[in-house]
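*Asks:* Show me the folded form of this:
(one chain, ligands or ions: 2)
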Amino acid sequence: MQHLTLSGDLKRIAQKVISGERINQSEGTLLFREGELGFLGALANFIRNKKHGDRTYFNRNFHIEPTNICVFDCKFCSYSRLLKHKQEGWEYTMEQMLDIVRNYQDEAVTEVHIVGGVHPKMGIHFFGDLIKEIKKIKPALHVKAFTAVELEYMCRKAKMSYREGLQYLKDCGQSSLPGGGAEIFDETIREKICADKCTSSQWLEIHETAHSLGMPSNATMLYGHIEQYEHRIDHMERLRNLQDKTGGFNTFIPLKFRNKDNQMSDIAEVSVIEDLKNYAVSRIYMDNFDHIKAYWPMIGRNTAQLSLNFGVNDIDGTIDDSTKIYAMAGAEEQNPSLSTRELCKLILAIGRQPIERDTVYNEIKDYTQHIWPEDTEEKARNY
Ligand code: V47
Ligand code: SF4
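*Replies:* Ligands and ions are numbered 1, 2, ... in the order given. Okay, here's the model as predicted:
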C-alpha cells in the first residue's frame, strides 16, 4: 500500500489553515503545484465546515441578456458578435425585456441577473430606465446588473465618473453588481486574452466604488486557459486585498474556461480534478470571502455537486433556461434550468442542508426537512 507523505511545507500550510492563519502567495502557489486533491479537499472542507457547517445556498433567479453584440473582442468569448457582424446577434427592446420580467410576476423569484455584450446604443440612461420599469413590475426583485466591463464603457460614454454612474443606477433601483469581467488580472495575460476591455485596476476601482456606495458585488476568475498558477494566486490576492479594505464582496466564483466556438478553441479544457483543486485552493486562499460559488450552468450539475465537498457552499440558482453564454461556449448544460426541488435533491444527496437565500445571503428557507407534494416534480414550473 502506498503511503502519502506530506512535505514540510505542505504540513506547515495545513497547520496555518487549521489555526485560522492566512496563507501567502507562495504558499498558495505551492498548494496548486504540490497539493494532492484529497489533501486540498480536506483543508477546504475544514474551512467550509467551520464557516457554514452543512449549510449550502442557492437562490431563485433568472437572467436577462439584453444583447450579444459587443464592441470588445475577448478571445475566449463564444457568445458575442462584434458590432461589424451585427446581423448575427440579438438586441432586445425595452418591451421584450420587460415581458421577460412580467413572466415572473407571480413567481417566487428573488433576483434578476442582467448582463450582456457591450452595445454602443444601450447606454446608462437606457439601462437606468429599464431598471426603473422592472422595479415597477416587481418591486421586491433584487436587480444584480452589469459587469465592471459594461459599467466602465457606459460611464465613459455618458461622461460620468464611476461614482456618478453607479449612484445613478442605484437611484434607479440597482442593488448589486455581478462578478464578471474580472477574467485574470495579471496584465500580461489580460493583454493576450482581452486586451481592449476595462483594465484590472479599472475593474477593481469600479467594485471598490460600488462597495463605498453600499452596493455589494461578486468576483469571478476565468481559469484553465493560458494562465499559470501564479496568475490565479495573484488574481485572488488582489481580490483579497480589496475585500480587506471594503468587505463588499459576497462571493467568489471561479469560472472554468470552455473552448467551444471561440478564438481560443485550440486550448484544451482542464480536467474535473483541476476544477476541484481550483475550488479548494480558492476556499483556502480567500479567507475573507464568506462564500465560494460553483456556477452550475458552467461547470455542470455533477461537478457542482462534487465541489460541495471541496470548499464550495453555494451553487447559484434555478436560472430557468434564461442564459446562453455558457451553452454557446460548450458547457454540458445546454438549457440550464433546475427546479428548487432538483437543487435541493442535489444538495441533500451528499448529506448537506439546502438553504434558499436572497442575493446578499439572507436565509429565506431551510429545505432540509421540507416535504414535497407527490406531484411537484411533474407538474410544477421551476418554482
Ligand atoms: O466575464 C465568457 C465568462 C463571465 C467564457 O456574479 C466564459 O453571480 C468560460 O460574470 N468560458 C460573465 N467563461 C458571467 C459572470 C457570472 C456568471 C455567473 C454568476 C455571476 C455572479 C457572474 O463569463 C465573463 C467571462 O469570465 N466567460 N466566455 C468561456 N468561453
Ligand atoms: Fe464582450 Fe463580455 Fe464577450 Fe468580452 S466577454 S467580448 S466584453 S460579451
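*Asks:* quick one: buried residues of stretch 279-296?
*Replies:* The neighbour-count check on stretch 279-296 (16 or more other CB atoms under 10 Å) flags 279-287, 289-296 as buried. In short, each C-beta sits where N, CA and C put it, glycine included.
*Asks:* The helix or strand hosting Leu30: which residues count as buried?
*Replies:* Leu30 is part of helix 25-34 when elements are defined by DSSP states H and E. With burial defined by 16+ other CB under 10 Å, the residues of helix 25-34 counted as buried are Glu27, Gly28, Thr29, Leu30, Leu31, Phe32.
*Asks:* hmm, back to that, so which of the buried residues of stretch 279-296 are also by ligand 1?
*Replies:* Residues of these in contact with ligand 1 (CB under 6 Å from any ligand atom): Tyr295.
*Asks:* what residue is smack in the middle of this protein?
*Replies:* Closest residue to the average C-alpha location of the chain: Ile253 at 4.1 Å, with CA atoms, centre = their mean.
*Asks:* Show the low-confidence segments of the chain, by residue range.
*Replies:* Along the chain, segments meeting pLDDT under 70 span 1-5, 83-87, 320-327, 333, 336, 374-383.
*Asks:* residues in it within reach of ligand 2, list them.
*Replies:* So the chain meets ligand 2 at Cys70, Phe72, Cys74, Cys77, Tyr79, Ser80, Gly117, Val118, Val149, Cys194, Lys197 (CB under 6 Å from any ligand atom).
*Asks:* hmm, 8 Å instead?
*Replies:* 68, 70-74, 76-77, 79-80, 116-118, 147, 149-150, 180-181, 194, 197, 325 (CB under 8 Å from any ligand atom).
*Asks:* re the thing from before, and the next helix or strand after the helix holding Leu30, how far from the chain's centre?
*Replies:* Once the chain leaves helix 25-34, the next helix or strand it forms, by DSSP H and E, is helix 37-52. Helix 37-52 sits 20 Å away from the centroid of its parent chain (CA atoms, centre = their mean, to the nearest Å).
*Asks:* now swap in stretch 72-84 and tell me
*Replies:* 20 Å.
*Asks:* Convert the C-alpha atoms of that stretch to CSV, please.
*Replies:* Extracted in CSV, the C-alpha atoms of stretch 72-84 (Å, rounded to 0.1, in the frame of the first residue of the first chain):
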residue,chain,number,x,y,z
PHE,A,72,-15.0,44.3,-27.5
ASP,A,73,-13.2,41.2,-28.8
CYS,A,74,-12.3,38.9,-25.9
LYS,A,75,-10.6,35.8,-27.3
PHE,A,76,-12.3,33.4,-25.0
CYS,A,77,-15.9,34.6,-25.7
SER,A,78,-18.2,32.4,-27.7
TYR,A,79,-21.2,34.5,-27.2
SER,A,80,-20.6,37.9,-28.5
ARG,A,81,-21.0,39.1,-32.1
LEU,A,82,-18.8,42.0,-33.0
LEU,A,83,-20.6,45.2,-33.9
LYS,A,84,-19.4,44.6,-37.5
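*Asks:* any bit of that stretch sitting next to ligand 1?
*Replies:* Yes. Between stretch 72-84 and ligand 1, judged by CB under 8 Å from any ligand atom, the touching residues are Cys74, Phe76, Cys77, Ser78, Tyr79.
*Asks:* can you pull the contacts of the residue nearest to Asn262 when sequence neighbours are not counted?
*Replies:* Closest residue to Asn262 apart from its sequence neighbours, by CB to CB, 6 or more residues apart in numbering: Ser78 at 4.3 Å. Ser78 sits next to Arg258, Lys260, Asp261, Asn262, Ile325, Met328, Ala329, Gly330 when contact means CB atoms under 8 Å, 6 or more residues apart in numbering.
*Asks:* Looking at these, which one is closest to Pro373?
*Replies:* Ile325 (33.9 Å; CB to CB).
*Asks:* Mind checking which of the residues of the chain next to ligand 2 are in strands?
*Replies:* Judged by DSSP state E, the residues of the chain next to ligand 2 include Cys70 as members of strands.
*Asks:* which strands and helices sit next to the helix or strand encompassing Ile131?
*Replies:* Ile131 belongs to helix 124-137 when elements are defined using DSSP H and E. Packing partners of helix 124-137 (3 or more CB pairs under 8 Å, 6 or more residues apart in numbering; DSSP states H and E): helix 94-103, strand 111-114, strand 142-145, helix 148-157, helix 162-172.
*Asks:* Tabulate the ones you listed (TSV), appending mean neighbour count and distance to ligand 1.
*Replies:* Below are these laid out as TSV (neighbours: other CB atoms under 10 Å; distance: least, CB to the nearest ligand atom, whole Å):
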stretch	mean neighbour count	distance to ligand 1
helix 94-103	15	17
strand 111-114	23	6
strand 142-145	24	7
helix 148-157	23	7
helix 162-172	19	16
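*Asks:* Tell me how far Phe289 lies from Phe252.
*Replies:* 5 Å (CB to CB, to the nearest Å).
*Asks:* so what's in contact with the two at the same time?
*Replies:* In contact with both Phe289 and Phe252: Ala219, Leu239, using CB under 8 Å, 6+ apart.
*Asks:* In the stretch 151-300 of the chain, which residue sits nearest ligand 1?
*Replies:* Proximity of the stretch 151-300 of the chain to ligand 1 (CB to the nearest ligand atom) peaks at Gly180, 2.2 Å away.
*Asks:* check contacts around the residue lying closest to that residue once chain neighbours are set aside.
*Replies:* The shortest distance from Gly180 to any residue other than its chain neighbours is 3.8 Å, reached at Thr147 (CB to CB, 6+ apart). Residues in contact with Thr147, defined by CB under 8 Å, 6+ apart, are Val115, Leu177, Pro178, Gly179, Gly180, Gly181.
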